[in-house]
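Student: Attaching a predicted model along with its sequence, questions to come.
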Amino acid sequence: MKDIFQSNKAWRPPEIYKLIASIESTKKRNLLRGYSAKLQLSATDVETIRSENTVHDSMIAGAVLKGRRGLLEEADQSEKKTCHDLFNMTSFPPVEWKNEVWYTAGYINAMHETAIEMLLVIKSLARLEAMESNSALEFLLNLSKKYGASNYLSYKLAYLRSTRDLSPKLLSIVSEIEDEICHRENAGLHFSALENLSSKVSLFMVAQRRISGLVGRVQGDFRKAISLSNFIPTPLDEEDVAGYLLRSTESCLLDTVYAILVIFNLEEDLTTVRHEFEMRLKPVILEQLLDVIHFASDSEDGVIVTDYYRSRNEGGDPSLDLYRTSSAFLERPKYTIYRNKLDRVFGARLLEEIIGSKVCTFSSPLDSKELLLAPHATPINEVSLVSLDSFYRTFLFLRFVSNKSNLLNISSNEIKFIFENTLGLEMLLTEAEMRALYVTAAPETKGLVAVLALALFRKKSIDPDIDFEFRTDFISYVNDVHNGSVVKFIDYLLIDSPQVATYIVDSLDEVTLEKMYTLVTNASQASEIRCEILRALGQKLNRIEYFIEADAITTRSKVSKLMQYFDSSRMYVDSVSMKKWLDGNPTVSTEEYRSLYPRVEARVSSIGNDGDGETNLLIISLKDKDQYLVAQIAKDAFEQFCLNTEFGIESYLGRRIRHNTLDGVTTDTVDAVLRKKEYEVVMSNPIMRQTVEAWLASYKLIIDRLRRVHLQFSSSGSLFNSNLDLEDSITKENVRKLSSTLRSAGGCELLNDLVIVFCWNQIMPQLENAARFIKTTLLQEANTSIDKSFSGHYGVIEEQIKSELHEAANEVFKKIADWFQVPQTGFVPASVRDLCQIILIELNRQDHVAFSGDAVDIIYTGISVHRLYDCLAVLLQNAHKHGGDTKMILVHACAKRAGTESNLDILSVDITSTVTDDNYEKSKERVFKAIDSAEGGIDMVTEGYTGIKKIKFITRACEGSHTIRCSPNDSTRELRLGFTMHTETESKNIEVVSITS
Amino acid sequence: MRILLVEDETHKREEMKHCVQEVFGFFPEIVDGVSRAVLQVMEVDFDLIILDMALSTFGESADDKKKGHDQAQGGIEVLRALNLVKKSTKIIIVTQYPDFYIGSTKVKLKDSPKIIAEKYNQNVIGAVLYHYKSKTTLQRIISILSDHR
């Protein structure tokens, strides 16, 4: 009976109707009366309500839509907002800024009691840096329990997580807060705050990533998406106030109150906006608002950048640290002003792709060359304590270049100094500014300036013509000044401008070097030059990573000798490139996982000593979190695995399609049938020829559909999907296995290696499905088209052609399907014996080597093979050099599984050589000295990244601490040197291609 | 008359080679990678260049047997090189894609001659969509070659 009387009209409380009745515009009043009956308003409805209102009506609109039981509010307002509710795009556009102020004021006034509570909350947390972690987190927990999610809360929490070394107990409060705001339902909201605050994550890199994902969706309004808006947490100008306020009102009341505070704090630049608010807000709110500002102004002395924060990014710029952390303290006027001043330069430029050419208009130009070129650490007259560092000098330089005539007064040494002492110019300068820099250089300095400016330009621009221009100028400069030697040029830069050299080296990857056509004659030379400049840079900057990259190039080329065993027509993803990419581009999830891991371990190890019954719950909570982060990491990585233009499957498919392999395979086989001599007579018949042509056309359509639809990731009929469905049971199982393998790996060192293995396991069903689809559905279509086209008018001969075409089609689709059956991971699987044999060929010593142990012939894969190669090469070289020529070298390899569900082996290799009598003691002493020597990155560079130290470095990098060992036998003069490492075995899902057979 | 064929696929190269022979009575000079193509066009004045778009940097004939990285728009590099040395040559583009990228803009093959003329100052006398073992494609190429004999 009840249902009969149910209406699909919305019920509204009388105060809403009273508000509507008070609207002055009859048209708008009637419109709102109509809309108030709707259960849910559309974005267009809201846009209509908000547009073209008087002050009064705008304020009423704010109250009617957003106030208590307003038309845009959930019916049950006792329900707290979650991350999922907040992490949405705004669905309607902002109105003109004054209207937006009125609308916001109407909303706040309608909620004045709660708004005042919110202001008290903000006041309580205004000196967050001075609060004890425990009480601060408890406060945030209570806040989350009472009001749910907000961007404000997220920033305060992110601040604590980024600036303090939280104990496991405190981390469990963090987990509780995350649960309260349903963080895991939509991680984007809190991750956005973490990305902006965490000193471990590159702000520039994150901005680039977010922009590329959202640029197409925000239609030129960066305030639409919270993760973009957060890059600029203060309004850029009056016009931006509109979007800024809408972003906050569409978030929640706490964020709206906070946004008004920010505007009040920027009273110098936003005087009229503040004045407008002062006129519209209820006095009681205004009074409280001013009280919070007054209180917050008195709190300026606290240090918001902690030692822990700095320690997570040693060598980082203090002005950048302050820039990032200040985003969590915008209730405090000095930080708001500092942040806003820099936002107008950095924030705007980071989002240039969306904001467009007006990015240079938000800040005033700087004409003082003296200040720009002032020495490092010069104190700056800022609102907060700041001294000149690279980040702040970048801020000055970006304002300096916005007046183009300033560039005329810069000499080449000054440009070198600026490039040496600024950062991120490739992202921050606009294309027009780069062009100006290039064009304006004085003739005598043009060569170098052109190379520097174009090096920046090509990093920013996607235009390959710019890349060509860079290479042309580069070649000409290197020919004129450095005798055609790229290495000499880099050496020259390294004398006094190592950072500039780094810029250039970043640009000179192997691909670019290969394209220096007049300087580089083949691919091997490009690799050699790359190795040489990397080593020179590593030596000069004391940076081990350059040596590692150089060695990786050499190792790759040596291990790739095994590649000849592969059938080159199979699926291929360059996992080595992917590993490099993942190492260089950590996501917030990766960083979170790395920081969480030791704590989980610490907690697990302390469980035995803790009689507290609550510990189990804590462990479960942390493990649960670990799995959720692993899922996020896997999701991000899988997208790259599929779509990355450098190494992804999509680029591979593109290459295959472009390079005719698909056409060749599909056409050759059927052509062979149709060209057979025995069919020449029947083919000479015009009707038969027509039949054949008609069939060929339909056959080509099938192939074309395969090429254009099924093998493209972006198409709706694609056989591939780059989005990880975390609800899918196979995916869940793969993520679980990844988590469990990570735990068995005993550290985070193998994280990216194992993520790549995960990606391969994850893509397998898609590959199998593709193979199945091609072998069945497409083949069936091709067979049906044969049957339809050849009706049998020409008797036996035609039947014979038909039958052969069926066979040919079968062969074609089976061959294509085969591409998707046995993936090549880009890693070369190899055993200890295989690797030793390659090294022994290099050493020209293939005799007198004996192998033993249960792991000699186990096939390993992944980057483990490269590590294994490097370590074996050192030990074999050592044994070869110090052992006698005719003495036997013994290679012993044994392994055990790292865990029941793990695909990792713990492999131990020992290589024994017999040293000559007169060299034995010396050799033994040298080996022990090398093992006992200090392990520092710089030491590795200065004393050489070779020999035993190299093994120490490699095993430390993958195992957490080095595993090299030596056991001498003085009576037989034998030196037994060995190491242990986690090595990845071939996954059961991926067919093993044995190279020993 | 000097003709250069820039093509890295064996069968396509054979077909093009025979088209040139049929029209001119001699085989063209051949390179199979971007690097050699760029160096050749900068050094030698060709009367006509038949150009593929997707090429590897060094091709299979590289002295170290390594093809180098693939360049999806490798043919455009050759056009850039010609422009750089201020040469304007007759070009026939033979590609398998109805559209490709010039600079950072996607253009239709049929519109490419105009854009290439504006951007790289080259005279594209034909832009042919290549189909594998297609008589029509070969006839089209022969016809363009004959028109410019």
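Tutor: Looks like it arrived, so ask away. Because the structure is predicted, anything quoted here is derived from the model rather than measured.

Student: Need the pLDDT of residue A:9.
Tutor: Looking at residue A:9, its pLDDT is 75.

Student: May I have the phi/psi pair for it?
Tutor: For residue A:9, the backbone dihedrals are phi -90, psi 150 (criterion: degrees, to the nearest 10).

Student: show me what contacts it?
Tutor: Taking Cβ atoms under 8 Å, 6 or more residues apart in numbering or on different chains as the definition of contact, the neighbours of residue A:9 are A:37-39. Any C-beta I mention is one placed from the backbone N, CA and C, and that applies to glycine too.

Student: and residue A:354, what does it touch?
Tutor: A:211, A:215, A:218, A:220-222, A:228.

Student: go again using 6 Å as the cut-off
Tutor: A:215, A:222 (Cβ atoms under 6 Å, 6 or more residues apart in numbering or on different chains).

Student: again, but for residue A:695
Tutor: Neighbour list for residue A:695: residue A:789 [criterion: Cβ under 6 Å, 6+ apart].

Student: try 10 Å this time
Tutor: Counting by Cβ atoms under 10 Å, 6 or more residues apart in numbering or on different chains, residue A:695 touches A:670, A:674, A:782, A:785-790, A:801-802, A:805.

Student: in chain A, which spans are strands?
Tutor: For chain A, the strands defined by DSSP state E occupy A:379-380, A:386-387, A:849-852, A:860-861, A:889-897, A:904-914, A:965-969, A:974-985.

Student: about what we covered before: list only those of the contacts of residue A:9 flagged as buried.
Tutor: Among those, not one counts as buried by 16 or more other Cβ atoms under 10 Å in any protein chain shown.

Student: now, which of the residues you listed sits nearest chain B?
Tutor: Chain B has its nearest neighbour among the contacts of residue A:9 in residue A:38, at 43.7 Å by Cβ to the nearest Cβ.

Student: number of nearby residues for the nearest residue to that closest one once chain neighbours are set aside?
Tutor: Leaving aside its chain neighbours, residue A:38 sits nearest to residue A:10 (6.1 Å; criterion: Cβ to Cβ, 6 or more residues apart in numbering or on different chains). When counting by other Cβ atoms under 10 Å in any protein chain shown, one arrives at 15 neighbours for residue A:10.

Student: still on that earlier bit, I'd like the contacts of residue A:695 written out as TSV, with pLDDT and distance to residue A:307 added.
Tutor: Below are the contacts of residue A:695 laid out as TSV (pLDDT from 0 to 100; distance: Cβ to Cβ, whole Å):
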residue	pLDDT	distance to residue A:307
A:670	87	72
A:674	87	78
A:782	91	69
A:785	91	73
A:786	90	75
A:787	86	78
A:788	88	77
A:789	87	78
A:790	85	81
A:801	87	82
A:802	85	80
A:805	90	76
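
Student: Just the buried ones from those residues?
Tutor: Using 16+ other Cβ under 10 Å as the burial test, the contacts of residue A:695 include A:670, A:674, A:782, A:785-786, A:789-790, A:801-802, A:805 as buried.

Student: Which single residue of the stretch 401-550 of chain A ends up nearest chain B?
Tutor: For the stretch 401-550 of chain A, Cβ to the nearest Cβ, closest residue to chain B: residue A:523, 3.9 Å.

Student: Does residue A:474 touch residue A:486 like I think?
Tutor: Yes - here residue A:474 lies in contact with residue A:486, judged by Cβ atoms under 10 Å, at a distance of 8.4 Å.

Student: shared neighbours of the two, anything?
Tutor: The contact lists of residue A:474 and residue A:486 share A:504, A:508, A:516, A:519, where a contact means Cβ under 10 Å, 6+ apart.

Student: which among these gets closest to residue A:721?
Tutor: Proximity of these to residue A:721 was ranked by Cβ to Cβ; the top entry is residue A:508 with 36.1 Å.

Student: show me the contacts for the closest one.
Tutor: With contact set as Cβ under 10 Å, 6+ apart, residue A:508 has these partners: A:455, A:471, A:474, A:486, A:489-490, A:516, A:526, A:529-530, A:533-534.

Student: out of those, who's near chain B?
Tutor: A:471, A:516, A:526 (Cβ under 10 Å from any Cβ of the partner chain).

Student: and those as CSV, adding neighbour count?
Tutor: Listed next are the ones next to chain B among the contacts of residue A:508 as CSV, based on neighbours: other Cβ atoms under 10 Å in any protein chain shown:
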residue, neighbour count
A:471, 23
A:516, 21
A:526, 28
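
Student: Please identify the one among those residues that lies nearest to residue A:99.
Tutor: Using Cβ to Cβ, residue A:471 comes nearest to residue A:99 of the ones next to chain B among the contacts of residue A:508, at 52.0 Å.

Student: can I assume the closest one is in contact with residue A:519?
Tutor: Yes - counting by Cβ under 10 Å, residue A:519 is a contact partner of residue A:471 at 9.2 Å.

Student: any common contacting residues for the two?
Tutor: Shared contacts of residue A:471 and residue A:519, defined by Cβ under 10 Å, 6+ apart, are found at residue A:513.

Student: Could you report the pLDDT at the most far-flung residue of chain A relative to its centre?
Tutor: Distance from the C-alpha centroid of chain A peaks at residue A:795, with 63.2 Å (Cα atoms, centre = their mean). pLDDT recorded at residue A:795 is 74.

Student: and residue B:100, that's in a strand?
Tutor: Yes - assessed with DSSP: H, G, I helix; E, B strand; the rest coil, residue B:100 lies in a strand.

Student: correct me, but residue A:37 touches residue A:20?
Tutor: No - applying Cβ under 10 Å, one finds residue A:37 not in contact with residue A:20, separated by 11.1 Å.

Student: Between those two, which contacts overlap?
Tutor: Counting by Cβ under 10 Å, 6+ apart, the residues touching both residue A:37 and residue A:20 are residue A:12.

Student: which one of the contacts of residue A:9 sits closest to residue A:49?
Tutor: Using Cβ to Cβ, residue A:38 is the member of the contacts of residue A:9 that sits closest to residue A:49, with 11.4 Å.

Student: Report the contact partners of the closest one.
Tutor: Contact analysis of residue A:38 by Cβ under 10 Å, 6+ apart lists A:8-10, A:45, A:71.

Student: Could you do residue A:345 as well?
Tutor: A:359-360, A:362-364, A:366, A:394-399, A:402, A:428.

Student: and residue 6, what pLDDT?
Tutor: You didn't pick a chain, so chain A it is. The model's pLDDT for residue A:6 equals 58.

Student: Chain B was what I was after
Tutor: We have a pLDDT of 97 for residue B:6.

Student: now residue A:524
Tutor: Looking at residue A:524, its pLDDT reads 90.

Student: Not counting sequence-adjacent ones, nearest residue to it?
Tutor: residue B:64 (4.3 Å).

Student: That neighbour touches residue B:35, doesn't it?
Tutor: No - using Cβ under 10 Å, residue B:64 is not in contact with residue B:35; the gap is 12.0 Å.

Student: for the stretch 401-550 of chain A, what spans make up the helices?
Tutor: With helices called from DSSP state H, counting those that start in this stretch, the stretch 401-550 of chain A shows them at A:412-420, A:425-428, A:431-440, A:446-460, A:464-482, A:486-496, A:498-507, A:510-514, A:523-541, A:544-559.

Student: Let's have the ones you listed in a markdown table, adding distance to residue A:690.
Tutor: Formatted as a markdown table, the entries for the helices of the stretch 401-550 of chain A read as follows, by distance: least, Cβ to Cβ, whole Å:
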| stretch | distance to residue A:690 |
| --- | --- |
| helix A:412-420 | 69 |
| helix A:425-428 | 60 |
| helix A:431-440 | 56 |
| helix A:446-460 | 54 |
| helix A:464-482 | 45 |
| helix A:486-496 | 61 |
| helix A:498-507 | 57 |
| helix A:510-514 | 49 |
| helix A:523-541 | 49 |
| helix A:544-559 | 54 |
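
Student: Just name the shakiest helix or strand of chain A by mean pLDDT.
Tutor: helix A:937-942 (a mean of 50; mean pLDDT, DSSP states H and E).
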